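# Need a 3D model of the sequence below.
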Amino acid sequence: MTPAQALRLAEEEDLDLVKISPNAVPPVCKIMDYGKFKFEQAKKEKENRKNQKIVEIKEVQLSMTIDVGDLNVKAKQATKFLEAGNKVKVSIRLRGRQMAHSSLGKDVMVRFAEGLKEYAVVEKPIAMEGRNIIMILGPVKK
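Coordinates of the predicted model:
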């Protein structure tokens, strides 16, 4: 039908004529209450935002000379964070002469990651950033 006829129909029903696909030949239009349509869209967007999970990055700090018991305690804490759906940043701060033996710190990181392999996936591998050795672990997808 012609645009004038469609507009007349919409005005008779006290609704709006909305172009769905204006570039099509002929243009596709729909008769609807545009205010109600906008309200419903806003409501859906708000609901989607509410349902989104915001992933936080929690940090676990280790030391290069950490012992097995302490490593297990830190691993248990990291497991809690991962099960809650958060990412975990594992860091070791090197002090003084420890800078010369950074490979020992990397070994501690590898042991830590091995202990958490059923709960975590390495998202960012072990890397040196200044005096820190950093690794980021993410939760395993179920």
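
# Look up how far Cys29 lies from Gly92.
Residue 92: Ile, not Gly. As for Ile92, its distance to Cys29 is 64 Å (criterion: CB to CB, to the nearest Å). Using the backbone N, CA and C atoms, a C-beta is placed for each residue, glycine as well.

# Who has more neighbours out of those two?
Legend: neighbour count by other CB atoms under 10 Å for Ile92 and Cys29, higher for Ile92 (24 against 18).

# how near is the more buried one to Glu59?
From Ile92 to Glu59 the distance is 11 Å (CB to CB).

# ok, now Ala100?
25 Å.

# Neighbour count: those two, which is higher?
A count of neighbours by other CB under 10 Å puts Glu59 above the other of Ala100 and Glu59, at 13 against 9.

# where's the more buried one, which helix or strand?
Here Glu59, judged by DSSP states H and E, is contained in strand 57-62.
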